[in-house]
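Colleague: Whatever this is, show me its structure:
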Amino acid sequence: MLADGVPGEEYLVGGGMMINWEAPTEGTAYLVEKTSGKIVETRSMKRGDTYDFSIGSAGQAIEFEKVFGVKLSEARLLLYFQPAAAGRSGL
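Modeller: This next block holds a predicted model:
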């Protein structure tokens, strides 16, 4: 885990404006807007859970731009997944 609370690059599993990803094990998913460095969402996941994300309307796009201060056309959304075992010491 980096100082900003974002997992390291080795935990990068996807990204983009439409994400549909299945967790291989228990852990935490982090959706990060790379340009601003802000964490959009964290979500606890169990094996087989699906992480779905998309911005499907103009209203959602406007809200995203207001909250994150980045134009949607310039945003870089990245999905990281840190397995629960990776956060435990002594395993």
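
Colleague: from here on, contacts and neighbour counts on C-alpha atoms
Modeller: Will do.

Colleague: mind checking which helix or strand the most centrally placed residue in the chain is in?
Modeller: In the chain, the residue lying closest to the centroid (CA atoms, centre = their mean) is L31, at 1.4 Å. Using DSSP states H and E, L31 maps to strand 27-33.

Colleague: Report the buried residues of the worst-scoring helix or strand of the chain on mean pLDDT.
Modeller: Ranked by mean pLDDT, DSSP states H and E, the weakest helix or strand in the chain is helix 58-68, scoring a mean of 91. Neighbour counts using 16 or more other CA atoms under 10 Å place F64, F68 of helix 58-68 among the buried residues.

Colleague: Direction included, what does the strand holding L31 pair against?
Modeller: Applying DSSP bridges to the sheet, strand 27-33 is found paired with strand 38-45 (antiparallel), strand 77-83 (antiparallel).

Colleague: so which of those is the most packed in?
Modeller: Counting by mean count of other CA atoms under 10 Å, strand 77-83 has the highest mean neighbour count of the strands paired with strand 27-33, with a mean of 22.

Colleague: What lies in contact with it?
Modeller: Contact with strand 77-83 is made by 7, 9, 11-17, 23, 25-34, as judged by CA atoms under 8 Å, 6 or more residues apart in numbering.

Colleague: any idea how far it is from the chain center?
Modeller: 5 Å (CA atoms, centre = their mean, to the nearest Å).

Colleague: Please apply the same query to stretch 39-46.
Modeller: On CA atoms, centre = their mean, the centre of stretch 39-46 falls 7 Å from that of its chain.

Colleague: List the contacts of N20.
Modeller: Taking CA under 8 Å, 6+ apart as the test, what N20 contacts is T50, Y51, D52, F53.

Colleague: For PyMOL, write a command that selects the buried ones of those residues.
Modeller: Here is the PyMOL selection string for the buried members of the contacts of N20, based on 16+ other CA under 10 Å:
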select buried, resi 51
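
Colleague: From the contacts of N20, pick the one nearest K38.
Modeller: Closest to K38 out of the contacts of N20 is F53 (16.1 Å), distances taken as CA to CA.
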